[in-house]
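> requesting a structural model of the entry that follows:
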Amino acid sequence: MLARRRKEKGETEAVPAAEASGTAEGPAVPIVPPGPTPPTVLAASVATPPRSLPLPLVPRFVFFTKGCGVHRQRLQSFEMSLRRAGIAPLNLVRVSSIFPPGCAVITRERGLLRLHSGEITFVVMSQCETNEPNRLISASIGLATPADPTTYGYLSEHHAFGQTAKRSDDYAEDLAASMLASTLGIEFDPDKDYDQRREIYRMSGRIVRTRSITQSAEGDKNGLWTTVIAAAVLLF
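The predicted structure follows:
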């Protein structure tokens, strides 16, 4: 009777919300109001293992190389020196002078075989350049390694004008040995000749090896840019 009266008055019967939003196939799924995250979801997120951290970038190998380039453009003379050194196709990143613990020195030939064109490669590099005819230039890298293989050593960079290859070579080696000696606490007189200090280093038994590599050249007689480089290339 109540429904008939409402119909006669033009009123519509109230329908429950769940039925009003339903379809011909059945009632709609009720909407669940927002609330706290269920415990099962929280447990799953906690159980997810964290991403592993990257390994430390400690080079395991090093090789030494050098080169000289001549060109009318300064940049291209540098490029030519990189080509002579065999490292022109690489994206070189210059780093400071720590020789990693346990790092092995390999030949240039073996080292170049481990590299790929476009590879980001870390180097300790010395560079010198001139466009003055007949001016003597040199670039050197020195190395000093400790007797303890778990201790780091030193690489040194040295470039000079007017120094012979031999003097530049000795200076770079001396520089690396002196830095390592001061780190190891070896007492020495810095004013003494390097040959005398070298004997002190070796007698201490704590510096096992020193070496160096040098590239020297005279400036092009026609005033073209002349560039020399020496580099220690670090490999992983």
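> is residue 75 in a helix, a strand, or coil?
At residue 75 the chain is in helix, as set by DSSP: H, G, I helix; E, B strand; the rest coil.
> now for the nearest residue to residue 130 once chain neighbours are set aside: which residues touch it?
Computed as CB to CB, 6 or more residues apart in numbering, the closest residue to residue 130 that is not its neighbour in sequence is residue 219, at 4.5 Å. Backbone N, C-alpha and C define where each C-beta goes, glycine included. Residue 219 is in contact with 130-137, 226, counting by CB atoms under 8 Å, 6 or more residues apart in numbering.
> name the helices or strands packed onto the helix or strand containing residue 66?
In the assignment (DSSP states H and E), residue 66 maps to strand 61-71. Contacts defined by 3 or more CB pairs under 8 Å, 6 or more residues apart in numbering; DSSP states H and E place strand 61-71 against helix 74-85, strand 104-105, helix 108-113, strand 136-146, strand 207-218, strand 225-235.
> and that strand, C-alpha only, in CSV?
Below are the C-alpha coordinates for strand 61-71, written out as CSV (Å, rounded to 0.1, in the frame of the first residue of the first chain):
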residue,chain,number,x,y,z
PHE,A,61,96.6,-4.6,-12.8
VAL,A,62,98.6,-1.6,-14.1
PHE,A,63,100.7,-1.1,-17.2
PHE,A,64,102.9,1.8,-18.3
THR,A,65,103.0,3.5,-21.6
LYS,A,66,104.3,6.7,-23.3
GLY,A,67,104.0,8.6,-26.5
CYS,A,68,104.9,11.7,-28.5
GLY,A,69,102.8,13.6,-31.0
VAL,A,70,103.4,16.6,-33.4
HIS,A,71,100.7,18.6,-35.1
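> listing partners with orientation, what would you give for it?
If you go by DSSP bridges, strand 61-71 pairs up with strand 104-105 (parallel), strand 225-235 (antiparallel).
> let me know which of these is tucked in deepest.
Counting by mean count of other CB atoms under 10 Å, strand 225-235 has the highest mean neighbour count of those, with a mean of 26.
> weakest of the helices and strands packed on strand 61-71 in terms of mean pLDDT?
Comparing mean pLDDT across the helices and strands packed on strand 61-71, the lowest value falls on strand 207-218: a mean of 93.
> how many residues are close by residue 100?
Residue 100 has 17 neighbours, counted by other CB atoms under 10 Å.
> might you report the residue contacts of it?
Going by CB under 8 Å, 6+ apart, residue 100 touches 58-60, 152, 234.
> possible to save the residues you listed as CSV with distance to residue 177?
Below are these laid out as CSV (distance: CB to CB, whole Å):
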residue, distance to residue 177
58, 23
59, 21
60, 23
152, 14
234, 20
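> so of the residues you listed, which two are at opposite extremes in space?
60 and 152 (13.5 Å; CB to CB).
> alright, calling it a day.
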